[in-house]
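Undergrad: Need coordinates for the following:
(2 chains)
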Amino acid sequence: MISAVCTTTLVGQGVSAQELGWPEKEELKFGFIKLTDMAPLAIAYEKGYFEDEGLYVTLEAQANWKVLLDRVIDGQLDGAHMLAGQPLGATIGYGTKADIITAFSMDLNGNAITVSNDIWQQMKPNIPKENGKPVHPIKADALKPVVDSYKKQGKAFKMGMVFPVSTHNYELRYWLAAGGIHPGYYGPNNDVKGLINADAQLSVTPPPQMPSTMEAGTIYGYCVGEPWNQQAVFKGIGVPVVTDYEIWKDNPEKVFGVNKAWAEANPNTHIRVVKAMIRAAIWLDEKDNANRPEAVQILAKSQYVGADAEVIGNSMTGTFEYEKGDKRSVPDFNVFFRHNATYPYYSDAIWYLTQMRRWGQISEQKSDDWYKNIAKQVYRPDIYAQAAKSLIAEGKANAADFPEFASESGFKKPQTHFIDNIVYDGSQPNAYLEKFEIGLKGDSKI
Amino acid sequence: MSKAQTASLILTPVKSVNISLVSSWLRNAALPLLGILIFLGLWAVLAKNIDTSLGKFPGPSDVLTQAQVLIEEHGEQRSKANAFYERQEQRNAARVAKDPSYSPTIRAFTGAPTFFDQIWTSLYTVTVGFLIASVIAVPLGILCGLSKASYAAINPLIQLLKPVSPLAWLPLVTMVVSAVYISDDPMFSKSFITSAVTVSLCCLWPTLINTAVGVSSIDSDLINVSKVLRLGPFSHVMKIVMPSSIPMIFTGLRLSLGIGWMVLIAAEMLAQNPGLGKFVWDEFQNGSSESLARIMVAVLTIGLIGFALDRLMLLLQKQVSWDKGAVLR
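TA: Purely as a prediction, here's the structure:
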């Protein structure tokens, strides 16, 4: 009976029940940055999912995103928790040129934008209130008068993000631009500063250093992943004003990136790594986040994120504290598995590429096909599908929880739920870019 | 002479013995103890008055607690390692049963290194770096001391490279090691080589300079003795030069080791290479309420180890030095 059920699901998925080969490389070292969204790696390690695949994995925290990327490129790391923009940026040769691919998307959402107490006091009069609490989502419209007054005094309005091709850079820019604040363009020839025409000057700071950099007054606000927004609240040095869930509901976040040459040399290892991480993602979201408190305890260990469990717990267990005491429920603040969070959609890759074009990191007009080709070079749902099918065949996952692999196009339906109500259709990147008031489009150049 | 005066005369020697005993006790035990107590007191009071955004600055008692936690964590990690090896054996056995051609290997524990693992890594790295530096610096120093020509040739380089900070060397060393040290199955990890080479580059100089100075300032009588005995160049170095310049060489070596230890911690922090420096940096990045106390534990440990290394060199010097009566400090 059971075998009959298995066979039907297998046929339904169009799987040849071929068994996966042994891993080519058993000892692996993966890098990560101290952020709660590295959780699938920590869980796959702590719960023995890597070992179940015959893999002996060492996890190592990295100093910043640049070091992490360089070490994946030169082979010191077998793979890493990466910003989704990093494999794409490397492939198109923005910053460092290298072939990095990803077969596993690590999570949805999980970031926020925080401003210092001082800026918050200046923003507050511009924010409508209900029952004495600010109405969310807070738009950058409330920040615009503050930025304007800084400009009038001839002072630069400085904010931090984590890397030129980071989700955080694009989210912060998106939010600012939606409120009429120009975040600046990147010039041609690999300009990594992005300060051309900027009302707000965005600079790079590694995630764990964000709170201390803001405390030192070097930046007035930042966009970063958790727990570094909640840390600002606990330290009493800043106020998160908006989460990325409110900027774009269920936006793709980190990916697990590996060197393309490594992936070609170790195909079975790669599939097994993805298998272990899918199991970890399932565990993290299981039974309505029932395992999250345990995950928080694991992440609080000093070798992983290391911040106080209380701080990590705030966002991981579905709540988010804005101004001190203003705790609100955001059940999907960080999603690891549901809504097909782990599937590498081409349309997610293309969104990042559109933002690179929008802000000048891609300095010339590209055809829609170019966007699709790059997405297909970097995002590898084929590898993901092999891993998922293998898990389904072993009874460790349900076929119903995955996309229909045989018919999946890799493009999500046009997505709404952006803070400026613009609709994103991944199959038409150029048409999407035309919809923005601020930003490069068509054949415009810097 | 009154009775009292006689008594005092008789008593005086006894008293002076007491005084010298007391004063030596004061010098050796009580005063250092007092110094430490004053330091601890000041620390405890000041710590209470420094408010950081991670809570109060850790006082001595917080640091002691965290030191205990670190020891416990080490124990936990050890038992996890044992479980890891057990699981691995079972898995290997299972795989051999399924795939007889497989020859199982035991892989090292993959857990995060504990504080004590990091201490060990740092000690090992500094030793290797220091040995490399000494092997280069002592012969080169002797050459410079013996021959004015080679000194003139090498001196500008010494003066140019000596003041370079480890933080400036590190990027160069990292890139060169990555490019040159390519191996599928490396005996040492790249991070280890990078740290060790950086340590060598920075701690070469004191030994080199001190050896050169020591060798060039040998008593001319001794040189004459060597001439009279017609010693060959090798025996001249071994019998005359080395013994008489040992104190200067050791001063150089001790300075070098001290610098090497400082450089290593900085290099580890900057390059995220394993060791105590990485421990400090990781804790700083963690930003948990215990981080500062844990960093303080590391700071004290770094200090204690630096001190112990210096004492060790002194002990070695006493063994090697021919002049056992010389006061070494």
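
Undergrad: Which elements pack onto the one helix or strand residue B:305 maps to?
TA: When elements are defined using DSSP states H and E, residue B:305 is found to belong to helix B:291-320. Packed against helix B:291-320, as judged by 3 or more Cβ pairs under 8 Å, 6 or more residues apart in numbering or on different chains; DSSP states H and E, are the following elements: helix B:60-98, helix B:115-146, helix B:242-271, helix B:276-286. C-betas here are computed from N, CA, C, even on glycine.

Undergrad: 7 Å instead?
TA: If you count contacts as 3 or more Cβ pairs under 7 Å, 6 or more residues apart in numbering or on different chains; DSSP states H and E, helix B:291-320 packs onto helix B:60-98, helix B:242-271, helix B:276-286.

Undergrad: okay, the angle between it and helix B:115-146?
TA: Angle between the axes of helix B:291-320 and helix B:115-146 is 40 degrees (criterion: axes from the mean of the first three to the mean of the last three Cα atoms, to 10 degrees).

Undergrad: Could you give me the buried positions within helix B:291-320?
TA: B:291-298, B:301-302, B:305-306, B:309, B:313, B:317 (16 or more other Cβ atoms under 10 Å in any protein chain shown).

Undergrad: again with stretch A:306-321
TA: A:306-309, A:311-316, A:318, A:320-321.

Undergrad: Equivalent analysis for stretch A:374-394, please.
TA: Across stretch A:374-394, burial judged by 16+ other Cβ under 10 Å covers A:374-375, A:377-381, A:383-393.

Undergrad: Next: stretch B:45-63.
TA: Buried residues in stretch B:45-63, counted by 16+ other Cβ under 10 Å: B:47, B:54, B:55, B:57, B:58, B:59, B:60, B:62, B:63.

Undergrad: what residues does chain B put near chain A?
TA: B:53, B:87, B:91, B:107, B:110, B:112, B:178, B:190, B:272, B:282-283, B:285-289 (Cβ under 7 Å from any Cβ of the partner chain).

Undergrad: Need the max-distance pair from these.
TA: Using Cβ to Cβ, the two most remote members of those are B:53 and B:91, lying 45.6 Å apart.

Undergrad: Helix, strand or coil: sort out the residue of the stretch 1-150 of chain B found nearest chain A for me.
TA: Scanning the stretch 1-150 of chain B for proximity to chain A using Cβ to the nearest Cβ identifies residue B:112 as nearest, at 3.4 Å. With DSSP: H, G, I helix; E, B strand; the rest coil as the basis, the three-state label of residue B:112 is coil.

Undergrad: Any residues of chain A in contact with chain B? List them.
TA: Within chain A, the residues that sit near chain B (Cβ under 7 Å from any Cβ) are A:26-27, A:34, A:51, A:54, A:56-58, A:61-63, A:67, A:74, A:76, A:208, A:211, A:215, A:231, A:235, A:237, A:302-303, A:306-308.

Undergrad: Poorly predicted segments of the chain, please.
TA: No chain specified, so I'll use chain A. Low-confidence regions of chain A, defined by pLDDT under 70, span residues A:1-18.

Undergrad: The intended chain is chain B.
TA: Residues of chain B that meet the criterion pLDDT under 70 lie in B:1-17, B:184, B:322-329.

Undergrad: Tell me which residue in it sits closest to chain A.
TA: Scanning chain B for the residue nearest chain A gives residue B:286, at 2.8 Å (criterion: Cβ to the nearest Cβ).
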